[in-house]
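Undergrad: let me see the structure of the following:
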Amino acid sequence: MPGARRRTAWAEGLDRLRAAATTEPGRLRAIGAVLALLVVVFGAATAWQVSARSAAADDVVLRSQPLTADAASIYRSLADADTTAAAGFLAGGAESETTRKRYAADLATASQLLVKAAANTQMPGAQSGAADPAGAQIARLNQLLPRYAGLVETARTDNRQGLPLGGAYLRYANEQMRTELLPAAQALYEAETERLTADHERAAAWPWWALAAGGVAIGALAWAQRRDRRRTNRVVNRGLLAAAVASAAVLLWLATGHALARAGLADAYAHGARSLEVLNTARIDALRARGDENLTLVARGAVLTKDQKDFYEVDFQAGMADLAGAAGPGPVAAAGELGKALALADDEAGRRPVRDAVAAVREWRARHAEARSADDRGDYERALAKVIGGDSATGASFDRVDTGLGRALVHEQERFRAAADGGRAAFGGLAVGAGVLAAAAAAAAVLGIGRRLSEYR
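TA: Below is the predicted model of the structure:
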């Protein structure tokens, strides 16, 4: 009719779909398309979420945990350099080649690890040029380290010439280490630890979208199978059955694989990573105490607290309390970081080096008390020998503490890597396998519906 409105192609298409839906062949085609789509969505969601978690697990093992360990090593190298510089200063012109090499090696290690850390200051997924939270601390350490080294060299030069100004330079260098370098190193360690925690949480998160998509797909296939049986009296539609079996296999593989991966990563984090954190803290406490012990003799009462006590001796006692609890006749390991390390160790290989450190701490405290007693009596030379002398000095006790904690760290690092590797191995092949099985399930569903459609031709 003239003036009548023409219908749009969209409206005409909808009419054709409604007409097709009123016939059984049309309904079967729609059911087949929906089933194939649901299974494909399930496979895609599984591949996507598993790939994301597998990448996060790789980051835990290959990136964030090693960077956390490097940050702890930077802190330790800086603290050990400060401690060694003080020990060398106490030796005066008799400073040994071993002490000089140890100091130089500490600075070299810190510099090398800072270069390595700087190469990883871009966060995954961050915009180009966006700095990692650790980047500012790395830049700060790179700026401060040469200044500190210069102060130490000035102190050494003055000390060799017998100038009392050397002690002032060394105390100023130590102040720079305490107030600027070590806080920056601690902030770097905390930033890397936060990165490790975030990567672990991403890797361990349940793939809820994939699990939900799998439940919906299997439910739809079961409904289609039931509908087909009620309309044809056939026991099973082989195509739909094959699609359901393949989808169920993907869902079971996804749930089981992720549960195994989650268990392995949780074990690595709760035991390995936690033990490493405690052991690193214990090692730092020991270094802090050793540095204070040396500086007590360097300063010779020149630096006091508000209540007129020797600043470095007070700090030494605080560091030892953090390391091993309050001093007393009982077992040292009842409190402090060493007590925590013993509690977290899961096997004898992990506990033995910590026990060695505990015994060395008891020895260290006894020798330190003798050194302080001698110094209080005015016998500086005896106190000095008790601190930087041979095997009977506190320095030897400190070395045994540091060596024991170092062995424990190596063991716990191996435990972490083994548990984390076992966890991330559970993701192996899951993304590809899910994609292949989902494609096979979609094809089987279409073929199953196609067999029914062929009966109408």
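
Undergrad: ok, how many other residues are close to residue 164?
TA: 8 (other CB atoms under 10 Å). (Glycine included, C-beta is placed from N, CA and C.)

Undergrad: check contacts around it.
TA: Residue 164 makes contacts with residue 158, as judged by CB atoms under 8 Å, 6 or more residues apart in numbering.

Undergrad: can you give me the distance of it to residue 300?
TA: 11 Å (CB to CB, to the nearest Å).

Undergrad: over to residue 252?
TA: 72 Å.

Undergrad: same check on residue 145?
TA: In terms of CB to CB, residue 145 sits 28 Å off from residue 300.

Undergrad: comparing these two, which residue is more hemmed in?
TA: Comparing residue 145 with residue 300 by neighbour count (other CB under 10 Å), the higher total belongs to residue 145, at 21 against 12.

Undergrad: ok, now which ones touch that one?
TA: Contacts of residue 145 (CB under 8 Å, 6+ apart): 78, 107, 110, 111, 114, 181.

Undergrad: and the helix or strand in which the first one is found, what's buried?
TA: Residue 78 belongs to helix 65-91 when assigned by DSSP states H and E. Using 16 or more other CB atoms under 10 Å as the burial criterion, the residues of helix 65-91 that qualify are 65-90.

Undergrad: what's that helix packed up against?
TA: Applying 3 or more CB pairs under 8 Å, 6 or more residues apart in numbering; DSSP states H and E, one finds that helix 65-91 contacts helix 97-118, helix 133-160, helix 165-176, helix 182-204, helix 274-299, helix 380-388, helix 394-425.

Undergrad: off-centre distance for whichever helix or strand comes after the fourth one?
TA: Toward the C-terminal end, the helix or strand that comes next after helix 182-204 (DSSP H and E) is helix 208-232. Between the centre of helix 208-232 and the centre of its chain there are 41 Å (CA atoms, centre = their mean, to the nearest Å).

Undergrad: go on, stretch 270-288?
TA: Worked out by CA atoms, centre = their mean, stretch 270-288 lies 13 Å from the chain centre.

Undergrad: same thing with stretch 159-171?
TA: Stretch 159-171 sits 42 Å away from the centroid of its parent chain (CA atoms, centre = their mean).

Undergrad: can you show me the CA trace of that stretch as CSV?
TA: In CSV, the C-alpha atoms belonging to stretch 159-171 read as follows (Å, rounded to 0.1, in the frame of the first residue of the first chain):
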residue,chain,number,x,y,z
ASN,A,159,93.3,6.6,61.7
ARG,A,160,96.5,5.4,60.0
GLN,A,161,98.0,8.8,60.6
GLY,A,162,97.0,8.7,64.3
LEU,A,163,94.6,11.6,64.0
PRO,A,164,91.6,11.5,66.4
LEU,A,165,89.4,13.0,63.8
GLY,A,166,89.2,9.5,62.2
GLY,A,167,86.8,8.3,64.9
ALA,A,168,84.5,11.2,64.3
TYR,A,169,84.4,10.5,60.5
LEU,A,170,83.7,6.8,61.2
ARG,A,171,80.9,7.7,63.6
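
Undergrad: name the nearest residue to residue 274, ignoring sequence neighbours.
TA: residue 344 (5.9 Å; CB to CB, 6 or more residues apart in numbering).

Undergrad: what about the one you found, distance to residue 358?
TA: When residue 344 is compared with residue 358 (using CB to CB), they lie 14 Å apart.

Undergrad: same deal with residue 379?
TA: Here residue 379 is placed at a distance of 30 Å from residue 358 (CB to CB).

Undergrad: quick one: which of these two has more around it?
TA: residue 358 (24 against 14).

Undergrad: how near is the more buried one to residue 317?
TA: Counting by CB to CB, the gap from residue 358 to residue 317 is 18 Å.

Undergrad: how about the helix or strand that contains residue 59: buried residues?
TA: Element membership of residue 59, judged by DSSP H and E, is helix 24-59. Buried residues in helix 24-59, counting neighbours by 16+ other CB under 10 Å, are found at 26, 28-29, 31-32, 35-36, 38-43, 45-50, 53-54, 56-59.

Undergrad: return the residues in contact with residue 433.
TA: 250, 253.

Undergrad: tell me the pLDDT at it?
TA: For residue 433, the pLDDT comes out at 87.

Undergrad: which parts of the helix or strand containing it are buried?
TA: Take DSSP H and E as the rule and residue 433 turns out to sit in helix 430-454. The neighbour-count check on helix 430-454 (16+ other CB under 10 Å) flags 430-431, 433-435, 437-438, 440-449, 452 as buried.

Undergrad: remind me which residues of the stretch 251-400 of the chain are low pLDDT?
TA: Residue ranges of the stretch 251-400 of the chain with pLDDT under 70: 328-335.

Undergrad: quick revisit: looking at the contacts of residue 145, spot the one nearest residue 247.
TA: Using CB to CB, residue 114 comes nearest to residue 247 of the contacts of residue 145, at 51.1 Å.

Undergrad: distance of residue 406 from residue 339?
TA: Counting by CB to CB, the gap from residue 406 to residue 339 is 19 Å.

Undergrad: and those two? Which one has more around it.
TA: A count of neighbours by other CB under 10 Å puts residue 339 above the other of residue 406 and residue 339, at 20 against 15.

Undergrad: burial measure for residue 99, as a count.
TA: Counted with other CB under 10 Å, residues neighbouring residue 99 total 19.

Undergrad: quick one: it and residue 365, what's the gap?
TA: 23 Å.

Undergrad: then residue 205?
TA: Distance from residue 205 to residue 365, by CB to CB: 46 Å.
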